[in-house]
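> sequence and predicted structure, then a few things I'm wondering about:
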Amino acid sequence: MKTLYLVAMGDVPKQVMEWIEHAAAEWLPVAIRRLEARVIPERAYDPKRKQYQSVEMMKMLAEMLPPDSCRLLGVTDVDLAIPMLSFLFGQAQVDGPVALISVCRLRQEFYGLRADEDVLRSRVVKEVLHELGHTFGLVHCDDPKCAMSLATHIQRVDEKDEQYCAQCGLQLLKRFSSQEAEVS
């Protein structure tokens with residue numbers, strides 16, 4: 001069986017990694033393992049923006065892809081960006097093996113609010129489903145409640161459900177069914 005690997009990049013709370021592991025296990029028929037936490041590469045930091053370039057972090061993840069992996073999800077607590085966007089909640093290779101999420105802007109504290117573990121857990125789960133969905137070929141969904149809907153601000157993340165809509169769930173099921181048939 002192929003494996004989804006999870007790796008903390010920088011200082012990520014253990015509880016967050018447990019939420020991610022649980023959410024992935026609920027939706028994906030793959031083995032799940034954690035790799036040892038990694039240091040964020042210095043080359044990823046953009047001092048002008050005071051953010052980390054996700055592309056550099058994705059390159060690092062791609063270089064460390066274990067041979068038995070089906071996917072590798074990096075998890076960080078730093079603020080991510082790409083040149084054309086002011087921030088990202090996460091990034092993934094569509095139909096590719098690597099994805100990355102950041103907990104930074106999912107925290108209530110980022111917006112000057114009191115910490116709320118339930119809100120953080122819900123947001124993390126939604127982003128994990130979203131980015132991993134991309135790696136399994138899912139694209140942005142028009143259903144605003146679906147985990148695969150595009151979220152350009154935190155309110156859009158909050159409007160989502162912690163699940164895929166029926167259509168995206170079916171696409172994912174077909175994807176895994178066809179992979180099982182190929183292995184058999």
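Nice, thanks for sending it over. Fair warning: this is a prediction, and the values are worked out from it, not measured in the lab.
> make it CA atoms for all contacts and neighbour counts henceforth
Fine.
> output the contacting helices and strands for the strand or helix carrying Ala81.
According to DSSP states H and E, Ala81 maps onto strand 80-82. Strand 80-82 sits against strand 51-53, helix 54-63, strand 85-88, with contacts defined as 3 or more Cα pairs under 8 Å, 6 or more residues apart in numbering; DSSP states H and E.
> run the chain-centre distance for the first one.
In this view, strand 51-53 has its centroid 16 Å away from the chain centroid, taken as Cα atoms, centre = their mean, to the nearest Å.
> for it, give the mean pLDDT please.
Averaging pLDDT along strand 51-53 gives 95.
> and that strand, what does it pack onto?
For strand 51-53, the packing partners by 3+ Cα pairs under 8 Å, 6+ apart come out as strand 45-46, strand 80-82.
> looking at those, which is closest to Leu72?
The closest approach between Leu72 and any of the helices and strands packed on strand 51-53, judged by Cα to Cα, belongs to strand 80-82 at 17.7 Å.
> can you list the residues that contact the closest one?
Taking Cα atoms under 8 Å, 6 or more residues apart in numbering as the criterion, the residues outside strand 80-82 that touch it are Gln51, Tyr52, Gln53, Ser54, Val55, Phe87, Leu88, Phe89, Gly90, Ser102.
> not counting sequence-adjacent ones, nearest residue to the last one?
This points to Ser102. Closest residue to Ser102 in three dimensions, ignoring its sequence neighbours and counting by Cα to Cα, 6 or more residues apart in numbering: Thr76, at 4.8 Å.
> and for the second one?
Distance criterion Cα to Cα, 6+ apart; nearest residue to Tyr52, sequence neighbours excluded, is Tyr45 at 4.4 Å.
> also the fifth one?
In this structure, Val55 finds its nearest non-sequential neighbour in Ile82, 7.0 Å apart by Cα to Cα, 6+ apart.
> burial count for the one you found?
Neighbour count for Ile82, taken as other Cα atoms under 10 Å: 15.
> ok, then the element right after the one helix or strand His22 maps to?
When elements are defined using DSSP H and E, His22 is found to belong to helix 14-27. Per DSSP H and E, the first helix or strand lying C-terminal to helix 14-27 is strand 31-34.
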